[in-house]
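**Q** what would the 3D arrangement of this be:
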Amino acid sequence: MSRLFGGAAARDRRLGRSAERLRGLSLSPIKDVELQASRIPGVVSLAQGIPSFDTPEPIKRFAIQRMEEGACARYSVSPGLPVLREAIADALAQDGMPYDPDREILVTVGSIEAIAATLLATIDEGDEVLVVSPTYASYLPAIRLAGGVPRWVPLNEDAHFDLDPDAIAGAAGRKTRALLLCNPNNPTGTVFSRAQTERMLRVAAEHDLLVITDEVYKDFVYGDEPIFSAAMDPAARERVIRVCSFSKAYGMTGWRVGFLHGPAERVADVLTVHDALVTCAPVISQYAALAALEQGAPFIAEFAAEFRRRRDHVVERLDALSHVFDYQKPNASYFAFPRVKDTVPLARNSTRLAAALLAEARVALVPGVAFGPSGEAHLRLCYARPAADVDLAFDRLDAWFGGRPSRGVVAVPASLPVAGAARALHPLRDRGVALLRHLARVRLVRTRPRVVAITGSQGQTVLKRACTDLLARRFRVRANPLSYNTAIGLPLAVLDLEIDTRDPLAVVAAFGRAAWAAYGPREELDVLVLELGVRRAGDMRAHLEIARPDVVLVTPVTASYRDDFDGIATMREEIALLCRDAADRGAAVRLCADDPLLAALATEIAGAATFSAAELSAPDFPPVRRDVVGASGQRAVAAAVHAARALGMLEAEIAAWLAQG
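**A** Next up, the predicted model:
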């Protein structure tokens, strides 16, 4: 065979640059995880983003009718069936985006063909395309296939993974031609804010960039604020191509149909590529898409409501694993993207951690690094799968992170290397921790912020965010929502640092930054929100050597796995120590009454009070319009209000925050 075709080397010489492009392509990491999972018996997969719903019956019936009438046996015109493009134009106009169905709308073979055709029509060999990180993994092969060079631009994780226009401006160079983003974002579940979207569009205008916005999850937004698309800004109309799909919203992933819209001149260029690649989208799928637009609204509402229920349940399950994960509450899509806390072995190597979970827990998750460099230390999970699968996956995660992996560990193929033991701690670690603790004490003495301390085992992350958001209406506030503040995490949170222990030079540089944070210019700070984690006896006393809180908020104490009786007893003893120390100093102590033992402890602590999820329904509690998810979210709002009142915020300020939709 090699003699017949001249062998691989001759093939590469014939293909030239095309061979280079092909060598840069690989199977999507998401599909690779699914492929590995398919070879392991009994795996539950939350990896690939496939809705668990079937295509609604009215859509299927309509497509069958068109097929039986003989309407699907021939090509449509390349831009798509005129009747479908007119229906798309009507839907766009209702959303405030008027587009000409004849010249500005193109029906495609799913969203990825729309993106690939747009890139092929837009960029030349060597042109750069900015891609936000983290984002959908399949964008990179499409860029490389078009001869482009992808350049990562990080999202702002501390701002709920919002756009960072300054970072986009800094990354744009003379070869940059386009910016590609996903809104709502996959994998984070973020809806980009209108303010940052408009700032991003101004940056795109300054650098003459085409903005390709992939909005396949636009129908699954869970907050009160609707998505603001870049295509809604009239001033940016000539430089935005918006891509949509019928796959997610209508349970139609197998039909392979989507569309794009944009300015006529750009769409004409994309149409030329589209015609060369596929001629037209499958006609039977186009008729199904037409039925979806005409009859699918009730089904979208039903699917969105179910995904929201699953989102709320996933948030509660993540709260129960708060010793393992921090997370940003997803406001859209059907993905969560929790960050693995630094105390977890392999937290900084999501590929190896995902491989361990697959081999030992038999749960398939996607490593965060698959979505870009800033995705490292995260895992993506999809809750579009059946609810029973989601619960089974979390039951296995509970057991695995509790030290009890599933029976029958299996070998994982080389593409996902099996995790090994965590590296031994460096001999100098104890001295380094002691130095960091000293520097943290120095910083607190010099800046003198009031400290809000959060402890417990359920819902700390959501409570930290609620407190920070509310208190920021009056005070200069800082929190570190990504750190589980145990022995080393607490000084790092006080010093506002992260340390990558894999790189010795980075560790040395971090100690320099720590010294500057302690002895350099004083931080202008009113309130510091800290999480005081407890893993063993003595942890709380060590925390109190660094920070003596002015407000203590205690969330429910629950086991991370079923037989952790000793761990729960230790945590309760440590919490009692914190509360008594705070009460003796006259600090505000608030314990969650939803935990009976904490409610009992509150009666023993002088001046202590309680909060609970039920407070939000009390007649004297101000009206709440915020998007509050589950019992943990309700407790977080109640506790944040208690903290605000303890720090002297006005009732009007608190009421305004609660009323914010």
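**Q** just confirm residue 200 contacts residue 229, I think it does.
**A** No: counting by C-beta atoms under 8 Å, residue 200 stays clear of residue 229, with 11.9 Å between them. C-beta coordinates here come from the backbone N, C-alpha and C atoms, glycine included.
**Q** is residue 240 in a bridge, and if so with what?
**A** residue 211 (DSSP bridges).
**Q** that one: neighbour count?
**A** Using other C-beta atoms under 10 Å, residue 240 has 23 other residues around it.
**Q** the one 10 residues further on too?
**A** Residues lying near residue 250 (other C-beta under 10 Å) number 26.
**Q** repeat that for the one 5 residues further on.
**A** Residues contacting residue 255 under the criterion other C-beta under 10 Å number 26.
**Q** from residue 256, how far out is the spatially closest residue to it that is not a sequence neighbour?
**A** Nearest residue to residue 255, sequence neighbours excluded (C-beta to C-beta, 6 or more residues apart in numbering): residue 285, at 4.2 Å. Note on residue 285: its distance to residue 256, by C-beta to C-beta, to the nearest Å, is 6 Å.
**Q** neighbour count: those two, which is higher?
**A** When residue 285 and residue 256 are compared for neighbours, residue 285 comes out ahead with 22 against 19, by other C-beta under 10 Å.
**Q** that one belongs to a helix, doesn't it?
**A** Yes: under DSSP: H, G, I helix; E, B strand; the rest coil, residue 285 sits within a helix.
**Q** shaky segments in the stretch 251-400 of the chain?
**A** For the stretch 251-400 of the chain, applying pLDDT under 70 flags no range at all.
**Q** look up the residues forming beta bridges with residue 366.
**A** residue 380.
**Q** Provide a list of residues in contact with it.
**A** Contact partners of residue 366, counting by C-beta atoms under 8 Å, 6 or more residues apart in numbering, are 29, 30, 33, 47, 187, 354, 379, 380, 381.
**Q** neighbour count: residue 200 and residue 229, which is higher?
**A** Counted by other C-beta under 10 Å, residue 200 and residue 229 do not tie: residue 200 has more neighbours, with 25 against 21.
**Q** residue 334: which of the contacts of residue 366 is nearest?
**A** residue 381 (9.7 Å; C-beta to C-beta).
**Q** quick check: the residue nearest to residue 255 vs residue 106, distance?
**A** 14 Å.
**Q** quick one, strands of the stretch 101-250 of the chain?
**A** Applying DSSP state E, counting those that start in this stretch to the stretch 101-250 of the chain gives strands spanning 105-108, 128-133, 149-154, 176-182, 210-214, 240-245.
**Q** with mean pLDDT added, can I get these in TSV?
**A** Converted to TSV, the strands of the stretch 101-250 of the chain look like this (pLDDT from 0 to 100):
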stretch	mean pLDDT
strand 105-108	96
strand 128-133	96
strand 149-154	95
strand 176-182	97
strand 210-214	97
strand 240-245	97
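**Q** distance to residue 400 added to those, as JSON lines?
**A** Output for the strands of the stretch 101-250 of the chain, formatted as JSON lines (distance: least, C-beta to C-beta, whole Å):
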{"stretch": "strand 105-108", "distance to residue 400": "41"}
{"stretch": "strand 128-133", "distance to residue 400": "28"}
{"stretch": "strand 149-154", "distance to residue 400": "30"}
{"stretch": "strand 176-182", "distance to residue 400": "30"}
{"stretch": "strand 210-214", "distance to residue 400": "33"}
{"stretch": "strand 240-245", "distance to residue 400": "34"}
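**Q** wait, which of these is closest to residue 587?
**A** Nearest of the strands of the stretch 101-250 of the chain to residue 587, taken as C-beta to C-beta: strand 149-154 at 37.6 Å.
**Q** the helices in the stretch 451-600 of the chain, which residues?
**A** For the stretch 451-600 of the chain, applying DSSP state H, counting those that start in this stretch gives helices covering 460-471, 489-495, 504-519, 539-544, 565-584, 596-604.
**Q** show me what the longest helix anywhere in the chain is packed against.
**A** The longest helix of the chain (DSSP state H) is helix 297-320. Applying 3 or more C-beta pairs under 8 Å, 6 or more residues apart in numbering; DSSP states H and E, we find helix 297-320 packed against strand 335-336, helix 387-401, helix 460-471, helix 630-646.
**Q** let me see the domain layout of the chain.
**A** Per automatic domain parsing, the structural domains of the chain span 26-53+300-401, 57-295, 429-658.
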